[in-house]
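In: coordinates for the following, if possible.
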Amino acid sequence: MSVYIYSGRLARWSLLVQMVTLLVISAAFGTVSSRAAMSALGGGLAAWLPNMVFMMFALRHQAHNPSEGRIAWSFVIGEALKVLFTIALLVVALGGFHATFFPLGLTYFFVLVMQIAAPAVINRYRS
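Out: Below you'll find the model as predicted:
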């Protein structure tokens with residue numbers, strides 16, 4: 001892999017694209033109602049915040065150049081934290097704030113799609 005991916009630059013660009021997606025979809029639902037906009041914002045944040053936490057966790061552990069076994073464990077721990085954090089945010093959004101499911105789910109889905117699509121697009125136009 002290239003140094004570009006290891007530096008975290010791709011991860012930051014990916015997070016930026018996800019944040020823009022989150023804000024655009026939330027603004028679009030804002031034209032319908034403020035409750036739909038807040039639900040969309042909650043769904044997008046439930047996808048974006050765990051990705052950001054995982055990126056910070058992974059880059060922090062990657063900077064120390066740990067041994068091969070520690071890289072796998074840091075990835076597993078980071079993914080476990082990401083899943084638990086996502087579940088907690090979705091429970092809070094749906095249960096605590098009584099968010100509307102459709103805007104929440106749609107925004108969550110699109111932010112996850114951007115998590116997959118953004119690195120491919122960024123790498124394609126990088127070279």
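In: quick one, helices of the protein?
Out: 3-6, 9-30, 34-62, 68-91, 101-126 (DSSP state H).
In: center of the chain - which residue?
Out: Geometric centre of the chain, nearest residue: W48, 2.9 Å, by C-alpha atoms, centre = their mean.
In: could you find the closest non-adjacent residue to it?
Out: Q18 (5.2 Å; C-beta to C-beta, 6 or more residues apart in numbering). The C-beta positions use only the backbone N, C-alpha and C, and glycine is treated the same way.
In: kindly reformat the helices of the chain as TSV and extend each row with mean pLDDT.
Out: Shown next, in TSV, are these (pLDDT from 0 to 100):
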stretch	mean pLDDT
helix 3-6	45
helix 9-30	91
helix 34-62	88
helix 68-91	85
helix 101-126	87
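In: point out the most buried one among these.
Out: helix 34-62 (a mean of 20; mean count of other C-beta atoms under 10 Å).
In: what helices and strands are in contact with that helix?
Out: Applying 3 or more C-beta pairs under 8 Å, 6 or more residues apart in numbering; DSSP states H and E, we find helix 34-62 packed against helix 9-30, helix 68-91, helix 101-126.
In: can you list those in CSV and add distance to L41?
Out: Below are the helices and strands packed on helix 34-62 laid out as CSV (distance: least, C-beta to C-beta, whole Å):
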stretch, distance to L41
helix 9-30, 4
helix 68-91, 11
helix 101-126, 7
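In: A120 and Y108, how far apart?
Out: Separation of A120 from Y108 (C-beta to C-beta, to the nearest Å): 20 Å.
In: would you list the phi and psi of V32?
Out: Here is the backbone geometry of V32 (degrees, to the nearest 10): phi -80, psi -60.
In: so for it, what's the pLDDT?
Out: At V32, the pLDDT value in this model is 94.
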